[in-house]
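> Predicted model and sequence follow; I will ask about them next.
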Amino acid sequence: MAVIEVDGLCKVFRTKSKEPGLWGSLQAVLRPTYSEVTAVKGISFQVEEGELLAFIGPNGAGKSTTIKMLTGILNPTGGSAQVLGLVPWEARRQLAYNIGSVFGQKSQLWYHLPALDSFRLLASIYEIDTRVYKERLHRLVELFELEEFIKTPVRKLSLGQRMRCEIAASMLHKPKVIFLDEPTIGLDVVAKLKIRELIKRLNEEEKTTIFLTSHDAGDIEQLCRRVIVVNHGEIILDTTTSHLRHNYLTTKLVNVKFGAPCPSLSLTNVEILKHTEKGVKFRMNTKLTAVESVLTELFAQVKAEDISVEEPAMEVIIRDIYARPVQEGDQDAAG
Amino acid sequence: MQLVRGSLGKYLRIAEISLTNRVVYLADHFTSSMFLILILFIFSQLWKTVLGGGQIAGLNATGMLWYMVFTEVITLSTPATHRTVSNDVKSGDLAYKLSRPYSYILYYLAVHCGEFLVRLLTNLLVGAAFAYLTMGSLAVEWDKLGWMILGLALAVAINFLMNFSLALLAFWLEDNRPFFWIFNKLVFIFGGLFVPVEAYPAGLRFISYLLPLRYGVSAPARLIVNFEYGFLWQMLGGQIVWALLLSLLVSALFRKGVRQVHVHGG
């Protein structure tokens, strides 16, 4: 059963335009001119109950605007959408009882107070019965491992701890659908992994439908079964993550720090970008060589102290999607 | 009981958390209350010199200073909601505020009340202590305290609604500070911040009577200092009418503004 149905949704913003300099400012006051920016251009898709969908794209692609329309915060310029059978911008308050949202760059927690105070407030806002709230809180504290810092003022938490509290706060009323807008933005690797693990558990254990936006390809690869790629307000790809991984997430950037100096190194089918006595940075294509065989070849020559593998940037993935013809497995593709 | 736990309960909890949050700033509030001492000191000297043994609008020098304690306390304790709403729009925090099952207007009314209460207590403590030590005590009719609190509560509501109608301009213009600056100056004059509006010349008094400003500042202060039933009924009538009219205005502005506000931030 589809919990989110979007048909031809579009959003046009009217923004004031101004020429540079003092004269431009004066002109803008006396004779303002406006320009229209189309943030979302008639997108259509459906999300099934219990699905963990990645809605990805570079900055300014229209991801957040879409989320804001689906949560009822923004009114669309055209098209239609239903979330849990309700039109979000017409029944915003009614819908709010059944959905949750996390905006990675904003906070819903009271900055000077412990997260527990914000949780109590949210329990009242969502009219959760005291007994149910206590049980739910206990479950979320356990799941998100909040015990250690739930009574610490939010301003003293690390970004990773705060984000765990933010997601837990959005889950307090047991929403059927949760919108996560860049939940891993700005987090270090360890915190990112923790958040990803929690999102996965939420989806598996609570059967919550998760609509995740991110511009971090790692979020998608490790979490979602389906991915929608947007660029310039349009859907350019709607496919499975395995299809995306196989066809577009093939380039990896590998950084290796040596345990002992290694002046020469020979690796097959990789592009060495930088090589010093202390380490090497190379790019490889998983379609040409398996990561395992490259690492085996590497370990035979040198002892590694530290290794990191970076996913291609979202911009590179988008460029690849445009560069390739429509393939089997792509539901929508532009370019 | 169900109402207290449900709809009303959530706004009481919002007011409580707003109050708790302001307690963190208690020391800051006491420090900023020092500004009140400076103003009251200047005016205590002024009224002693100007009035001597005379009166203005039925108030002697002591009465005038106590009147000013209450007008200043109300004005200084009123939170800058316009700034918060403007920040909501600019920072994109509006995304969270609008996606909750509560009324955005009532949410801010509750936040306003919680914050007002903390500021009121600190300012009143400092202001009343200064007035008592320099000019002597005020003869409060304690049996009328209930009416005074009711007048003050309606004044808080009116001040919130006037503030919030200006605050909502941020939905169109993002920066609403210039409007608030002008509004503040109007409160000084037509709200009767320094002198009860009843003492104004006829023309100025007429304009003041046409506006809601005095019901948020001058009227409740005057009632506390010089309680009269005739004045009470006239004040309550005016406050209720203005509270209703301003509620309609705020509600209409919000409905129109929320349809086109640009919620910033990715």
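It's in.

> And residue A:250, how far from chain B?
Counting by Cβ to the nearest Cβ, to the nearest Å, the separation of residue A:250 from chain B is 27 Å. All C-beta atoms are positioned from the backbone trio N, CA, C, and that covers glycine.

> How about residues contacting stretch B:121-135?
Stretch B:121-135 is contacted from outside by B:26, B:29-30, B:33-34, B:36-37, B:40-41, B:44, B:61-62, B:65-66, B:69, B:72-73, B:76-77, B:138, using Cβ atoms under 8 Å, 6 or more residues apart in numbering or on different chains.

> Give me the subset of the residues you listed that lies in helices.
Among the contacts of stretch B:121-135, the members falling in helices (DSSP state H) are B:26, B:29-30, B:34, B:36-37, B:40-41, B:44, B:61-62, B:65-66, B:69, B:72-73, B:76-77.

> Narrow those to those that are buried.
Neighbour counting by 16 or more other Cβ atoms under 10 Å in any protein chain shown classes B:29, B:36, B:40, B:44, B:61-62, B:65-66, B:69, B:72-73, B:76-77 among these as buried.

> Next, residue A:4: secondary structure please.
The three-state label given to residue A:4 by DSSP: H, G, I helix; E, B strand; the rest coil is strand.

> correct me, but it touches residue A:71?
No - using Cβ atoms under 8 Å as the test, residue A:4 is too far from residue A:71 to be in contact (10.9 Å).

> near chain A, which residues of the stretch 1-150 of chain B show up?
Counting by Cβ under 8 Å from any Cβ of the partner chain, the residues of the stretch 1-150 of chain B close to chain A are B:5-7, B:9-10, B:12-14, B:17, B:20-21, B:24, B:91-96, B:98-102.

> Now with 6 Å, please.
Residues of the stretch 1-150 of chain B lying close to chain A by Cβ under 6 Å from any Cβ of the partner chain are B:6, B:9-10, B:13, B:17, B:21, B:24, B:92-93, B:95-96, B:98-102.

> ok, so of those, who is nearest residue B:192?
The shortest approach to residue B:192 among these belongs to residue B:21, at 31.4 Å (Cβ to Cβ).

> how near is the closest one to residue B:94?
Distance of residue B:21 to residue B:94, computed by Cβ to Cβ, to the nearest Å: 19 Å.

> Looking at the two, which is more packed in?
Between residue B:21 and residue B:94, counted using other Cβ atoms under 10 Å in any protein chain shown, the more crowded position is residue B:94 (25 against 18).

> What about the residue nearest to that one when sequence neighbours are not counted, how many residues nearby?
Of all residues not flanking residue B:94 in the chain, residue B:88 sits nearest, at 4.4 Å (Cβ to Cβ, 6 or more residues apart in numbering or on different chains). Number of residues near residue B:88 (other Cβ under 10 Å) recorded here: 23.

> which element is residue B:88 on?
Element membership for residue B:88, per DSSP states H and E: helix B:81-91.

> Over to residue A:12?
Judged by DSSP H and E, residue A:12 forms part of strand A:2-17.

> What is the distance between that strand and the centre of its chain?
Relative to the chain's own centre, strand A:2-17 is displaced by 19 Å; criterion: Cα atoms, centre = their mean, to the nearest Å.

> From the contact counts, what lies against it?
strand A:33-48, strand A:78-83 (3 or more Cβ pairs under 6 Å, 6 or more residues apart in numbering or on different chains; DSSP states H and E).

> Of those, which is nearest residue A:100?
strand A:78-83 (11.8 Å).

> can you give me the angle the closest one makes with strand A:33-48?
Between strand A:78-83 and strand A:33-48, the angle comes out at 40 degrees (axes from the mean of the first three to the mean of the last three Cα atoms, to 10 degrees).

> ok, residue A:308 - how many residues close by?
Residue A:308 has 11 neighbouring residues, counting by other Cβ under 10 Å.

> er, residue B:155 I mean
Neighbours around residue B:155, by other Cβ under 10 Å: 25.

> now do residue B:80
For residue B:80, the tally of surrounding residues (other Cβ under 10 Å) stands at 13.

> How about residue B:152?
Using other Cβ under 10 Å, residue B:152 has 20 neighbouring residues.

> where does it land in three-state SS?
Of the three states, residue B:152 takes helix under three-state DSSP.

> Verify the contact between residue B:168 and residue B:253 for me.
Yes - between residue B:168 and residue B:253 there is a contact under Cβ atoms under 6 Å: 4.5 Å.

> State the distance from the residue most central in space within chain A to residue A:201.
What sits nearest the mean C-alpha location of chain A, by Cα atoms, centre = their mean, is residue A:214, with 2.3 Å. The spacing between residue A:214 and residue A:201, counted by Cβ to Cβ, is 18 Å.

> for the stretch 51-200 of chain B, what spans make up the helices?
For the stretch 51-200 of chain B, the helices defined by DSSP state H, counting those that start in this stretch cover B:61-77, B:81-91, B:94-98, B:104-135, B:145-167, B:170-173, B:177-190.
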